[in-house]
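Novice: predicted model follows, preceded by the sequence.
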Amino acid sequence: MEKIKVLFVCMGNICRSPTAEGVFTHLVQTKKLAHLFSIDSAGTHAYHIGDAPDLRAQKAALNRGIDISHLRGRKVVFGDFEDFDFVLAMDDDNHAILMGACPPQHQHKIHYFLSFAPQLNTREVPDPYYGGGQGFERVLDMIEAASDGFLKHLHDTKRLG
């Protein structure tokens, strides 16, 4: 079975998207499904290429048993649209940037990450960068809900056995 390739995208790739990469990776490892996935994250802007995730994001994730300290920021590249099966945007701005850059034949791969957590009644994961530590906890809660929903979606649509 070919791996399901998932790319999480936010603006700078140091808060939301590496958190999502870490949470989803942890989830599939816990479920013994990691061998079925290739998971990455990227930003729509080149602000933090090569940087580790924000220390507040690292701390919040580590408090939940998820180590994201090894991840490094990178920018979305044109080849990502062909390479990945799912490109999951964190908010309206990043969704619009991705849709504008993506060739038409791959636009069906772009989704709001929170579309997999409809119970949250929002489609945007807020950027916690300029807020306090509590914003990172809220983002983690949202990402955990969407990760569970995304995995359920993959099961329901027979992408996973």
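Specialist: Received, thanks.
Novice: could I get the CA-only coordinates of stretch 142-149 as PDB?
Specialist: Once non-C-alpha atoms are left out, stretch 142-149 reads as follows in PDB (Å, rounded to 0.1, in the frame of the first residue of the first chain):
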ATOM      1  CA  MET A 142      -8.200  22.100  18.100                       C
ATOM      2  CA  ILE A 143      -5.400  20.200  16.400                       C
ATOM      3  CA  GLU A 144      -6.100  17.100  18.400                       C
ATOM      4  CA  ALA A 145      -9.800  17.200  17.500                       C
ATOM      5  CA  ALA A 146      -9.000  17.700  13.800                       C
ATOM      6  CA  SER A 147      -6.400  15.000  13.900                       C
ATOM      7  CA  ASP A 148      -8.900  12.500  15.300                       C
ATOM      8  CA  GLY A 149     -11.400  13.600  12.700                       C
END
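Novice: can you name the residues in contact with that stretch?
Specialist: Defining contact as Cβ atoms under 8 Å, 6 or more residues apart in numbering, one finds that stretch 142-149 is touched by 16, 19-20, 23-24, 27, 113-114, 116-120, 125. C-beta here means a position set from N, CA and C on the backbone, and glycine is covered the same way.
Novice: so where's the chain uncertain?
Specialist: Along the chain, the model assigns pLDDT under 70 to residues 161.
Novice: apply 90 and report the result again.
Specialist: 1, 130-134, 159-161 (pLDDT under 90).
Novice: give me the neighbour count for the nearest residue to His45 once chain neighbours are set aside.
Specialist: Spatially, and ignoring its direct neighbours in sequence, His45 is nearest to Met11 (5.3 Å; Cβ to Cβ, 6 or more residues apart in numbering). As a burial measure, Met11 scores 20 neighbours (other Cβ atoms under 10 Å).
Novice: which residues touch Met11?
Specialist: Here Met11 is in contact with Gly43, Thr44, His45, Tyr47, Met90, Asp93, Asn94, Asp127 (criterion: Cβ under 8 Å, 6+ apart).
Novice: tell me which of those residues fall in strands.
Specialist: Assigned to strands by DSSP state E, the following of the contacts of Met11 qualify: Gly43.
Novice: which of the contacts of Met11 tops the neighbour count?
Specialist: Met90 (31 neighbours).
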